[in-house]
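Undergrad: based on what follows, work out the 3D shape:
(chains A and B)
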Amino acid sequence: MFFFNLSGAEFVALLSAVSSFVLLLYLLDRSRRKLRVATLRFWQDSTVAVQRQRRRRIQQPWSLLLQLIASCLLLLAIAQLRLGSPERSWRDHVLLVDASAWMGARNASNRLLMEEAKALAVQYVRALPSSDRVMVVRADALATPLTGFESRKPVLEAAINQLQPGVGALNLAQNLEFAAQAMRLEGKRAGEIAYAGPGRLTADGLRDLPPTPRNLRVLWVPAHVENIGIRKLSARRATTDSELWQLYLTARNYGQRRKEAPLIVSFGGAPVASRLLALAPQSEADFTFEFRTRAAGWLEARLQANDSFPRDDSATVELPAARTLRVTVYSPEPELLRPLLAAHRRLTADFRRPNDDRSNESADLLIFDRCRPLTTPKGSSLWIEPPRASSPIPVRTERREITLRWRNDQLLAAGLRSEDTKLESTQVFAAAESDIPIAEVEGGPAIVARNGPPKIVVMGFHPLRSALRYQLVTPLLFANILQWMAPEAFQRIEIQATSIGLIRIPLLADHEPERISVVSEGQTSVPFTLRDRTLRFFSGAPGIVRVNLGDREVVQALSLPEVGEAQWEPPKQVMRGLARVSGGENYWRETWHWLALVAAFILVVEWMLFGRGSSRQLAANLLRFPWRRSRFTAQRKAS
Amino acid sequence: MPAPLLDREFLERLERLTIHWTKSFAGLVGGHNTSRFAGAGQEFLDHRHFHHGDDFRAINWRAYMRLEKLFLKMFQIEPRVPVRILIDTSSSMTTGAGTEKFDFARKLAGALSYVGLVRLEAIQLQTFAETLKESLSCGGGRHRFAPAAEFLSGLKPGGNTRFFSVAREFAQAYPQRGILILISDFLGEDECERPLRYLADCGHELLLLHVWAEEDRTPPWSGELEVEDIETGATLQLSFEEDARRLYTERFDAYARGLRELAIHKGGRYLGFSSRTSVEEAVFGPLSQIQAVY
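TA: From the prediction side, this is the model:
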């Protein structure tokens, strides 16, 4: 027996207050009433005056007793007295409803697995005792609580019914941990952790699964689904041909039977490749394609599988247009630089005489070979042996017969090696502190870069007219400078359509973390880790994430659903189904309505017996005390 | 405009009634009772011998011419029997619901006045409390009822009731015997039996009309009470329950019986009315049954 609404102390305090109030009302009601009458003659004859000190004595103890009993019963009803154990008054449960991508599949009866799971979850909620509290959690790659611990079943059912399949795979370990933690932190009396779903996990998720909690109940959704789908689509430009795209596609057969399905790859709506995929059960295979284009457009790979889970039958990526770096060279000897600039496919060079019209320049980069521009260039520019008076970085002096040293500590001079190179003559620049020295001689830098905008590189000597002409360091020097001045033109782009969740990108070499950036569509940084030449980050929502590795950019189009390839089998000791859930019964018996009825009955009886009116006579006859009868008899005799 | 004391229909019904009394009053007439005494009047009664000092105008000269003896013509006297209506205006008449007890009393007085006026009786309306208060004499027909109604309507209750002083003053003020209609609750500082007996011994025929409010006879209250006499201000604290109420009513009824016995013993009549009784019902009911008016 316990109170639901009040504590024992509160009940006693309230009962005392109400009893005092009733007693006060009772005494006030029975206090002496003042009346004006025509004569006192008959009053004196028929009654005996009472003393003032007896004024507050209780005249109708039965009435007071009945009122107090009724008040007590009403208070008990308000306190919601329950017969049973307070320790088992309610329990808190966490209901994990699987909303992973796999829940969008249809079963043999052409019904979504999500609907099956929701129906089971609703049945579970309805089967619980009315006072039990349930937290509904959307379980996919993350655990997202949809409600707090809530006992109102309409609220819980509304939360369950709004669930839709997501795009991630189920991370059961994380969801179970969340449920246990929620129950530990917020739940008062631990109940069950109920999981409604088919238990489709990733291989990693199955491997990392912790020991099953003892209070786990599984509402099993049978899912015998035959499915073949795309797991990954990757596109990258060929290193030898900037117009050639190489496509890598990974497909998997999730079913139990060998399956064949035609794959059609189209670009901008036009088919560019097709193949018949044949996959053994529970197997995965990679396929490669190639096609050539310079234009930008959408590339779509579509599997015509006609299976129960169509969401992974197509993948789409956006391919950018091939970009070239336009270079305008003003040189009196174009033949010196022509072979060097013609060596790279992403670079187009326009050679002009130093005195040519420069009004319609639209180049990405200007090279001034031993000449000066008529107007200061607004874009990036490379100056080779500029005239002393018009050099963008002041020339301090000129040196002859001097040895050149490379500043390999600078990024621009990375990889530049040469044996003691002696220059016949070179300009030495008065570089500012923020300028980047690439090569220097005694007395100062001979090649200086100034970070813009605009970016400027000044060479105090002409590499192709010096001792460096036939050395490997010369094209490397130009490559470094061009890549520094227009990095986007030389960056390799790799585009992947993959699923959300944990993304792994293998790195070709060790990268410095500060040179790597991972940003989402909204230009917000995404946390990542680097370990074992692998970059890892997690994305819980569909979208595009760009990973900039310096010389390489990987665009992750997170559009494919993440489908678990492993099937979790619950241990035998785990509770299953709804059979053992108590059928909506409470752990106690409510008594408040009976208490209220009895109190009302007592009040009615009290009113009939002692209320003002004709019932007064009945009360006098029924409940007259013997001592009062004798008092009236004595009064009569006295009168 | 205030409501009339009695409505017209009721007054029309009253016109066929007459106030009756049982006593004979020497030398007085009124109502339907013929006087047995001779005196100044219109109707011839008898002859007698002339005596010294008789009125010459009453000598029958025709008989003297024929018989040469002086005979005196005697006529039936026609003095009216005074109908005096005493109305209690003490504070005790205001108890009950509103002023229904006092209203009943003056309406009853008005009805009896009208009956008397229609029969050409001499009506004396006299109020009293500690002593006799204002009064109004009226007679000579129904058209004289308006002043009487106005008089009754203007009465204001107040003061204590002292029957001894009232009886004494009444006996002095109205030595001529007559019918005395006393409308009162007969509740006052002192007892009323002896003053009433005194008035009856003075030769008045008593018609006691006892008016009480329901709460005067059966108090509806119960529990702890502090009752105050409205006239004297005396208080009494008591515990009043059903037994006491029954005892109270018995005492009241015993008091009313005492009044009745006194009236009958003195040749008068008694009637008791609850103030909730309508005046019409009282006049055409109990008053007619005891042949006070019919």
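Undergrad: for stretch B:210-217, buried residues please.
TA: Buried residues in stretch B:210-217, counted by 16 or more other C-beta atoms under 10 Å in any protein chain shown: B:210-213, B:215-217. (Each C-beta comes from the backbone N, C-alpha and C, glycine too.)
Undergrad: got the contact list for the one residue in the stretch 351-500 of chain A that gets nearest to chain B?
TA: With C-beta to the nearest C-beta as the measure, residue A:500 is the residue of the stretch 351-500 of chain A nearest to chain B, at 83.3 Å. Going by C-beta atoms under 8 Å, 6 or more residues apart in numbering or on different chains, residue A:500 touches A:141, A:167-168, A:539-542, A:558, A:562.
Undergrad: just the buried residues of stretch B:210-217: which are in helices?
TA: If you go by DSSP state H, those have B:215-217 in helices.
Undergrad: near chain A, from those residues?
TA: When C-beta under 8 Å from any C-beta of the partner chain is applied, the members of these adjacent to chain A are B:215-216.
Undergrad: returning to that earlier point: which of the contacts of residue A:500 are buried, as a PyMOL select command?
TA: This is how PyMOL selects the buried members of the contacts of residue A:500, with burial counted by 16+ other C-beta under 10 Å:
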select buried, chain A and resi 141+167+168+539+558+562
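Undergrad: show me what contacts residue B:14?
TA: Taking C-beta under 8 Å, 6+ apart, we find residue B:14 in contact with B:6, B:111, B:114-115, B:118, B:283.
Undergrad: backbone dihedrals for it, please?
TA: With angles defined as degrees, to the nearest 10, residue B:14 sits at phi -70, psi -20.
Undergrad: tell me how far it lies from residue A:275.
TA: 129 Å (C-beta to C-beta, to the nearest Å).
Undergrad: repeat for residue A:379
TA: Using C-beta to C-beta, we find residue A:379 at a distance of 46 Å from residue A:275.
Undergrad: can you give the domain ranges for chain A?
TA: A:2-86+A:592-638, A:90-225, A:228-322+A:491-560, A:326-488 (automatic domain parsing).
Undergrad: as a markdown table, those domains with mean pLDDT and distance to residue B:101 would be great.
TA: Formatted as a markdown table, the domains of chain A follow (pLDDT from 0 to 100; distance: least, C-beta to C-beta, whole Å):
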| stretch | mean pLDDT | distance to residue B:101 |
| --- | --- | --- |
| domain A:2-86+A:592-638 | 69 | 8 |
| domain A:90-225 | 88 | 66 |
| domain A:228-322+A:491-560 | 85 | 93 |
| domain A:326-488 | 83 | 115 |
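Undergrad: tell me the contacts of the residue nearest the centre of chain B?
TA: What sits nearest the mean C-alpha location of chain B, by C-alpha atoms, centre = their mean, is residue B:181, with 1.3 Å. When contacts are counted by C-beta under 8 Å, 6+ apart, residue B:181 touches B:83-86, B:109, B:112, B:207, B:209.
Undergrad: what's the answer for residue A:517, then?
TA: A:525, A:546-548 are the contacts of residue A:517 under C-beta under 8 Å, 6+ apart.
Undergrad: same thing but at 10 Å, please
TA: Going by C-beta atoms under 10 Å, 6 or more residues apart in numbering or on different chains, residue A:517 touches A:525-526, A:528, A:546-550, A:553.
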